[in-house]
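Asks: give me the fold of what follows.
(one chain, ligands or ions: 2)
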Amino acid sequence: MQITNSKNLFEKAQRFIPGGVNSPVRAFRAVGGDPIFIQKAEGAHIFDEDGNAYIELINSWGPMILGHNHPMIREAVIKAMENGTSFGAPTAKEVEIAELITSMVPSVEKVRMVNSGTEATMSAIRVARGFTGRDKFIKMEGHYHGHGDSFLISAGSGAITMGNPDSPGVTKGTAKDTLLAPYNDLNAIEALLAANPGEIAAIILEPVPGNMGLVTPKEGYLEGLRKICDREGIILIFDEVMTGFRLAKGGAQELFGVTPDMTTLGKIIGGGLPVGAYGGKKEIMDFVSPAGPVYQAGTLSGNPIAMAAGLTMLNYLNEHPEVYEALNSIGSQIVTGIKNSLIKLGLNYTLNHLGSMYSLFFTDKEVFDFASAKHSNTALFGKYFQAMLQKGIYLAPSQFESLFLSTSLSHDLIDQILQANESALKEIH
Ligand SMILES: Cc1ncc(COP(=O)(O)O)c(C=O)c1O
Ligand SMILES: N[C@H](C=O)CCC(=O)O
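Replies: Residues are numbered from 1 along each chain as shown. Ligands and ions are numbered 1, 2, ... in the order given. You can find the predicted model right below:
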């Protein structure tokens with residue numbers, strides 16, 4: 001495969017952009033080789049600057065749940081643009097999308113739109129602190145909540161991929177208020193509570209983490225967190241930036257039947273445009289300015305183009321529950337195929353899967369938290385990634401990411417993915 005134009009672009013990019021990319025994982029450092037520069041995307045495919053086509057399983061890290069460049073979203077964006085690109089003032093669409101989100105996501109009675117998942121989680125923690133009058137919060141090791149200072153401690157995603165789970169630049173003062181617990185371990189939470197009585201404002205987690213690779217909650221874990229938070233007056237925050245509108249129309253909280261006090265959203269909510277949101281119980285959200293004292297604002301928040309894209313996407317998902325059946329079926333077909341190949345090749349790797357998200361970990365041990373995810377052979381993952389790329393399948397360039405499937409994967413494309421997977425696994429062993 002020839003990637004001369006991508007190579008030249010990367011060389012130039014490194015002169016003007018740190019590391020040549022605007023988000024670290026894209027640089028391919030964890031998997032070797034040069035990143036592919038993308039020119040366009042359509043359905044299940046992306047096309048690079050050298051004219052190569054790839055079936056891709058990232059879908060812009062989640063948002064493109066119906067596939068790339070969906071005509072419905074494209075038309076909504078074009079139509080909205082005819083009226084102007086930003087007003088910095090309230091619009092009817094903001095009200096419409098807020099009402100829709102509250103009807104879809106069980107925990108959300110009121111919602112504030114922001115521009116990214118990072119803004120959503122930073123704001124949610126501030127509101128939880130303001131509401132409870134407490135400073136500390138608990139985060140899970142290996143979970144990623146964007147790049148706000150207080151979250152870049154034992155952070156997953158690009159932070160662990162680049163080997164910087166605790167980022168320099170985060171002050172000791174900030175870090176001391178972020179308490180860490182292993183995911184899937186209620187005893188660890190109880191120990192933190194005992195050591196910090198009455199001091200914890202919130203527990204924030206990805207209910208189904210995708211940022212240390214995909215990991216699923218043990219039975220009773222989310223319910224256990226709910227009980228602990230009720231007992232201690234702690235705000236339970238589900239970061240559903242990845243899982244919201246993906247695992248079910250109401251996210252992981254609908255799927256598992258556990259309702260947090262606050263929820264953070266992103267990705268799908270913007271239909272591929274830069275959007276995030278945070279919401280929750282009325283009495284908590286009414287602490288947000290100008291209803292309440294906790295300040296949070298945004299020049300481009302509720303941007304009319306982004307709202308048009310998001311509203312179109314959410315309306316479609318709301319009215320078409322069969323999307324989730326299709327996604328689950330595509331997920332099962334792919335995962336079953338990979339499992340069959342692993343058995344055939346005598347390999348015993350761990351395959352975590354839920355709905356339209358999955359991760360193949362290069363370890364034979366169960367992966368249920370950050371420590372177990374780190375048992376994976378990341379060098380072998382890099383070889384697997386490159387072998388798949390050569391066969392025209394573009395995976396997330398890190399072991400510590402989930403893959404995201406879209407409804408645009410036909411039977412033929414699934415077959416191509418599975419054939420590539422089996423021959424890639426053969427090649428690297
Ligand atoms: C669970 C989760 N929370 C928050 C974020 C941050 O979102 P953004 O990249 O839009 O700032 C991400 C992704 O980056 C995420 O996966
Ligand atoms: N895991 C991150 C978001 O979900 C990946 C996106 C990025 O770091 O660019």
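
Asks: quick one, domains of this protein?
Replies: Following automatic domain parsing, one finds the domains of the chain at 4-69+321-427, 71-319.

Asks: which one of those domains is the most hemmed in?
Replies: The highest average neighbour count among the domains of the chain, using mean count of other C-beta atoms under 10 Å, belongs to domain 71-319 at a mean of 20. Any C-beta I mention is one placed from the backbone N, CA and C, and that applies to glycine too.

Asks: ends of that domain, what's the gap?
Replies: End-to-end span of domain 71-319 (C-alpha to C-alpha, to the nearest Å): 17 Å.

Asks: on that earlier part again, could you dump the domains of the chain to TSV with distance to ligand 1?
Replies: Listed next are the domains of the chain as TSV, based on distance: least, C-beta to the nearest ligand atom, whole Å:
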stretch	distance to ligand 1
domain 4-69+321-427	6
domain 71-319	2
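
Asks: mind putting the ones you listed into JSON lines with mean pLDDT?
Replies: Below are the domains of the chain laid out as JSON lines (pLDDT from 0 to 100):
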{"stretch": "domain 4-69+321-427", "mean pLDDT": "97"}
{"stretch": "domain 71-319", "mean pLDDT": "97"}
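
Asks: all helices of the stretch 101-250 of the chain, in order?
Replies: Along the stretch 101-250 of the chain, counting by DSSP state H, counting those that start in this stretch, helices occupy 117-132, 158-161, 172-175, 186-195, 221-232.

Asks: which of those helices sits closest to Ile334?
Replies: helix 158-161 (22.9 Å; C-beta to C-beta).

Asks: and the closest one, anywhere near ligand 2?
Replies: Yes - using C-beta under 6 Å from any ligand atom, helix 158-161 reaches ligand 2 at Gly158.

Asks: could I have the CA atoms of that helix written out in PDB?
Replies: In PDB, the C-alpha atoms belonging to helix 158-161 read as follows (Å, rounded to 0.1, in the frame of the first residue of the first chain):
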ATOM      1  CA  GLY A 158      -4.300   8.600  24.800                       C
ATOM      2  CA  ALA A 159      -2.800   9.400  28.300                       C
ATOM      3  CA  ILE A 160      -1.900   5.800  29.000                       C
ATOM      4  CA  THR A 161      -1.200   5.100  25.300                       C
END
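
Asks: residues touching it, excluding its own?
Replies: Under the contact criterion C-beta atoms under 8 Å, 6 or more residues apart in numbering, helix 158-161 has outside partners 23-25, 29-30, 142, 144, 152, 165, 167, 212, 370, 374, 398-401.

Asks: if we can go back for a sec, relative to Ala297, which of the helices of the stretch 101-250 of the chain is closest?
Replies: Ala297 sits nearest to helix 117-132 of all the helices of the stretch 101-250 of the chain, at 9.7 Å, using C-beta to C-beta.

Asks: and the residue most central in space within the chain, what does it touch?
Replies: With distances taken as C-alpha atoms, centre = their mean, the residue of the chain nearest its centroid is Met242 (3.0 Å). For Met242, the contacting residues are Trp61, Gly62, Glu206, Val208, Gly210, Asn211, Lys267, Met357, Ser402, Phe404, by C-beta under 8 Å, 6+ apart.

Asks: and the residue of the stretch 201-350 of the chain closest to ligand 2?
Replies: Of all residues in the stretch 201-350 of the chain, Asn211 sits closest to ligand 2, at 4.9 Å by C-beta to the nearest ligand atom.

Asks: quick check: bridge partners of that residue?
Replies: Under the criterion DSSP bridges, Asn211 forms beta bridges with Gly213.

Asks: identify the residues contacting it.
Replies: Gly142, His143, Tyr144, Ala155, Gly156, Ser157, Met242, Phe400, Glu401, Ser402.

Asks: how about Ala252?
Replies: Pro207, Val208, Leu222, Phe238, Glu240, Thr243, Gly244.

Asks: tell me which two of these sit farthest apart.
Replies: It's Leu222 and Gly244 that sit farthest apart of the contacts of Ala252, by C-beta to C-beta, at 14.9 Å.

Asks: which SS class is Glu75?
Replies: helix (DSSP: H, G, I helix; E, B strand; the rest coil).

Asks: any figure for the gap between Leu425 and Tyr358?
Replies: Plainly put, Leu425 is 15 Å away from Tyr358 if you go by C-beta to C-beta, to the nearest Å.

Asks: please read the previous query as pertaining to Met242.
Replies: 13 Å.

Asks: okay, and the common contacts of these two?
Replies: Counting by C-beta under 8 Å, 6+ apart, the residues touching both Met242 and Tyr358 are Ser402.

Asks: bridging residues for Ile204?
Replies: Lys139, Ile237.

Asks: kind regards, and thank you for your time.
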